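In: how would this look folded up:
(chains A and B)
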Amino acid sequence: MSDVLVQGLAGIALAVVAVGLAWRLGLGLSKELAVAAARAVVQLTAVGAVIVVIFEVPALAFAFVAVMLTTAAFTAGRRIGGIPNARRWAFAAIAVPALTATGFLLAVGAFDFTPRAAVPTAGILIGGAMAATSLTGRRLLEELDSAHAEIEARLCLGDSARDALRPTIRRAIHTGLTPAIDQTRSVGLVTLPGAFVGLLLGGATPAEAASTQLVVLLSLLAVELAAAALLSEFVQRAVIAPGERIHHGSSPWRSK
Amino acid sequence: MRSPATSGPYSQAVAEGLSCERVRVGQVLRDVALTVAPGEVVALTAPSGAGKSTLLRAVVRLVGMDGGVVTLDGVDVATLDPRALRRRVGFVAQRPVMLPGTVADNLAYGLDEPPDMAAALDAAGLDDDFAARDASKLSGGEQARVAIARALTRKPEVLLLDEPTSGLDAPLAEAIGRHVRELAASGLAICLTSHDRAVVTGWADGEVRLAATIRGERDDGTRRDGEAR
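Out: Prediction:
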């Protein structure tokens, strides 16, 4: 039996354990776990096939990155659906930092300018930016509702709308960045991240794997912070109304 | 109406006070009128949902108006810098929010120069030792007083109080009522909303009723500027 088949079957077996455990514990998660696992099998199989083609036709790498960005924007946009044009803003918040950082890493020679290096690098950075965008946006929406009285109190004391929103934005960005900061802080002690493990399993030396992982992790800090900050800026522009006031209501920027 | 007094330590007398003419906000307020002169306390009364809070919020431009004009000392507030307006017109919400930090932090919030804490606390009827206390740990009545004092440290000309006795027991409400009368005597123009008849009759010089199709009238029977649909 080939290694690939054994790996696939082992993974599926553990996914079945997860589904069974969720069912046994009555968590109501069995279906969601099964669907997520099935999607992962299908998507990664398809991606594996597509990447083979991309390696042969490098121009397709751009199309593949565009698909990743669009999917990330849809996923993050759904999480922050209360914001007008959520997907467009999510796309910008994810694409600008992720593509800028990828371009920088390729330009300085940190990674080869090849589809084999560029696509995974862009993918990891897009994924990080998507997570930060979703978390920051979600928290920001919750805060705009729950902290509305506090924001108005600050306005009433003479703050500008941006000043009044600043503590709320800070809290949201803190939330959005916490996973990236924790991951970076605990790397090697608590977790061995995916790129490191993948490179080791692929035959790279531990030093090579660590070096690559370090570049990715540190880049993620910048990319995720920029994504969270960009999204916060877009949301601020949406909620600040003329006359230094904040739109409020169930959907804060929709009603007076 | 009381004669306008000179400026107090935490207020500035205005020449003409506050005036609202034909204010409209969505479906909530329709053609509402109201005037508050310096040294005067006007109570705004209405059934729940009739737009009392909305009117106060419109005055400080926390909500946009769909029509009408609000003037402060004869100047349309829409032409004023909103930040400056909100310092000149202090607004204390029904459930005052204490910002993180001590009472002193709250009183000094956003000010270039720290205020005279003793005077600010005294103006709110609070002892000096309140300055160092965590504002979030105060009782509802204490928070209400700090919120009024915090608005006063901006030296406003007009004070808007939204349901100032909401959730307070009678002795506390009476203490705040005395405080409000003292502030008016120092020259502040004060407009408050209340469901409590004791507040309206005990604190206010005049009453404006906002009720469906009923013109606002003063409690002394003379027609007041209030008008609402």
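In: Chain B contacts on chain A?
Out: A:149-150, A:152-160, A:241-245, A:256 (C-beta under 8 Å from any C-beta of the partner chain). Where C-beta positions appear, they are placed from N, C-alpha and C, glycine not excepted.
In: Just these: which are in strands?
Out: A:241, A:245 (DSSP state E).
In: Can I get the buried part of the residues of chain A next to chain B as one ChimeraX selection?
Out: Remark: buried members of the residues of chain A next to chain B, expressed as a ChimeraX selection using 16 or more other C-beta atoms under 10 Å in any protein chain shown:
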select /A:150,152,153,154,155,156,157,158,159,241,243,244,245,256
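In: Checking residue A:169 next. Helix, strand or coil?
Out: Following DSSP: H, G, I helix; E, B strand; the rest coil, residue A:169 is assigned to helix.
In: and it, what does it touch?
Out: Taking C-beta atoms under 8 Å, 6 or more residues apart in numbering or on different chains, we find residue A:169 in contact with A:140, A:232, A:236.
In: Look up how far residue A:149 lies from the first one.
Out: What it means is residue A:140. 16 Å (C-beta to C-beta, to the nearest Å).
In: Okay, helices next: where are they in the stretch 151-256 of chain A?
Out: Here the stretch 151-256 of chain A has its helices, by DSSP state H, counting those that start in this stretch, at A:161-186, A:194-201, A:206-239.
In: Name the next helix or strand downstream of the lengthiest helix in chain B, please.
Out: Counting residues, the longest helix found in chain B (DSSP state H) is helix B:170-185. Where DSSP states H and E defines the elements, the next helix or strand beyond helix B:170-185 is strand B:189-193.
In: Pull the residues that contact that next one.
Out: By C-beta under 8 Å, 6+ apart, strand B:189-193 touches B:14, B:17-18, B:34, B:36-46, B:52-53, B:56, B:59, B:157-164, B:180, B:183-184, B:199, B:203-204.
In: Just the ones of those residues in helices?
Out: B:52, B:53, B:56, B:59, B:180, B:183, B:184, B:199, B:203.
In: OK, contacts around the fifth one?
Out: Shown in contact with residue B:180 (C-beta under 8 Å, 6+ apart): B:41, B:161, B:164, B:190, B:192, B:203.
In: possible to save those as TSV with distance to residue A:203 and pLDDT?
Out: Output for the contacts of residue B:180, formatted as TSV (distance: C-beta to C-beta, whole Å; pLDDT from 0 to 100):
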residue	distance to residue A:203	pLDDT
B:41	83	94
B:161	74	94
B:164	74	88
B:190	79	94
B:192	77	93
B:203	82	88
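In: Can you tell me which of the residues you listed has the most neighbours?
Out: Within these, residue B:161 tops the neighbour count with 30 neighbours, counted by other C-beta atoms under 10 Å in any protein chain shown.
In: mind checking how far the residue nearest to the spatial centre of chain B is from chain A?
Out: Here the mean C-alpha position of chain B is nearest to the C-alpha of residue B:160 (C-alpha atoms, centre = their mean), at a distance of 1.4 Å. Per C-beta to the nearest C-beta, to the nearest Å, residue B:160 is found 9 Å from chain A.
In: same check, this time on residue B:65
Out: Counting by C-beta to the nearest C-beta, the gap from residue B:65 to chain A is 9 Å.
In: Can you give me the pLDDT of that residue?
Out: If you check residue B:65, the pLDDT there is 88.
In: Same check on the one 10 residues further on?
Out: At residue B:75, the pLDDT value in this model is 91.
In: Equivalent analysis for residue B:222, please.
Out: Predicted confidence (pLDDT) for residue B:222: 38.
In: Skipping its backbone neighbours, what lies nearest residue A:65 in space?
Out: Leaving aside its sequence neighbours, residue A:65 sits nearest to residue A:122 (C-beta to C-beta, 6 or more residues apart in numbering or on different chains; 4.9 Å).
In: likewise residue A:148?
Out: Spatial nearest neighbour of residue A:148, excluding adjacent residues (C-beta to C-beta, 6+ apart): residue A:248 at 5.5 Å.
In: do you know how far that neighbour is from residue A:146?
Out: Look at residue A:248 and residue A:146: by C-beta to C-beta, they are 12 Å apart.
In: These two: which is more packed in?
Out: Just comparing residue A:248 and residue A:146: by other C-beta under 10 Å the higher neighbour count belongs to residue A:248, 22 against 10.
In: How confident was the prediction at residue B:169?
Out: pLDDT, residue B:169: 79.
In: what about it, how many neighbours?
Out: With other C-beta under 10 Å as criterion, residue B:169 counts 10.
In: just the contacts of residue A:169 now: which is nearest chain B?
Out: Chain B lies nearest to residue A:236 out of the contacts of residue A:169, by C-beta to the nearest C-beta, at 16.4 Å.
In: any idea whether residue B:20 is helix, strand or coil?
Out: Going by three-state DSSP: residue B:20 is strand.
In: that's a helix at residue B:208, yeah?
Out: No - counting by three-state DSSP, residue B:208 is not part of a helix but strand.
In: what are the bridge partners for it, then?
Out: residue B:44 (DSSP bridges).
In: How many residues are close by it?
Out: Around residue B:208 there are 30 residues (other C-beta under 10 Å).
In: That's all I had, so thanks and see you.
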